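K.L.:
Take this sequence and fold it.
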Amino acid sequence: MPLSEYEQRVLEQMEQQLRSDDPKLADAISGTPTRRPLHVVLGTLVALAGLGMLVGGVASQFIPLGIAGFLAMFGGVMWAISRPRVGSAAPTGEAGKATNVRRMKPRKSSFMTRLEERWDRRRSDGQ
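P.N.:
Numbering: from 1, shown residues only. This is a model prediction of the structure:
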């Protein structure tokens, strides 16, 4: 059953408020891992080294160096823009093994009903 317009609007408002209050938490629970700064920096450095190899290969007319430079540039850019896999972002346990993170299926519960009622009261009190 799809959400009504009112429910969608309330949900969007809750999301916006969560993002403004605690952006790190919002990113953590949204399911989309963020880019790691180390990957961006290293990917950029590899891409720049690849550019140098490509220019050097063209200038010296050494085709394999140019091809290797292009591949390094491509790999560096892909590494810089890639996001970590969901499995690799899992917290590690005491033994150093990744723990299983299970996603629960969303379901309508009394908890959600109470949350919506609290949200409605908060909105009506503020106006």
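K.L.:
Which helix or strand in the chain has the lowest average pLDDT?
P.N.:
Least confident helix or strand, the chain: helix 23-30 with a mean of 71, by mean pLDDT, DSSP states H and E.
K.L.:
what element comes up after it heading to the C-terminus?
P.N.:
Following helix 23-30 in sequence order, the next helix or strand is helix 37-59 (DSSP states H and E).
K.L.:
Enumerate the positions of that following helix that are buried.
P.N.:
For helix 37-59, the neighbour count (16 or more other Cβ atoms under 10 Å) marks 43, 46-47, 50, 53-54, 57 as buried. No exception for glycine: its C-beta is placed from N, CA and C like everyone else's.
K.L.:
any idea what sits nearest V10, other than its immediate chain neighbours?
P.N.:
Closest residue in space to V10, ignoring its immediate chain neighbours: W119 at 6.0 Å, by Cβ to Cβ, 6 or more residues apart in numbering.
K.L.:
Next one, pLDDT for that neighbour please.
P.N.:
For W119, the pLDDT comes out at 83.
K.L.:
Might one say that L51 is in contact with L71?
P.N.:
No. In this structure, L51 is not within contact of L71 by Cβ atoms under 8 Å, at 11.8 Å.
K.L.:
Overlap of the contact sets of those two?
P.N.:
The contact sets of L51 and L71 do not overlap (Cβ atoms under 8 Å, 6 or more residues apart in numbering).
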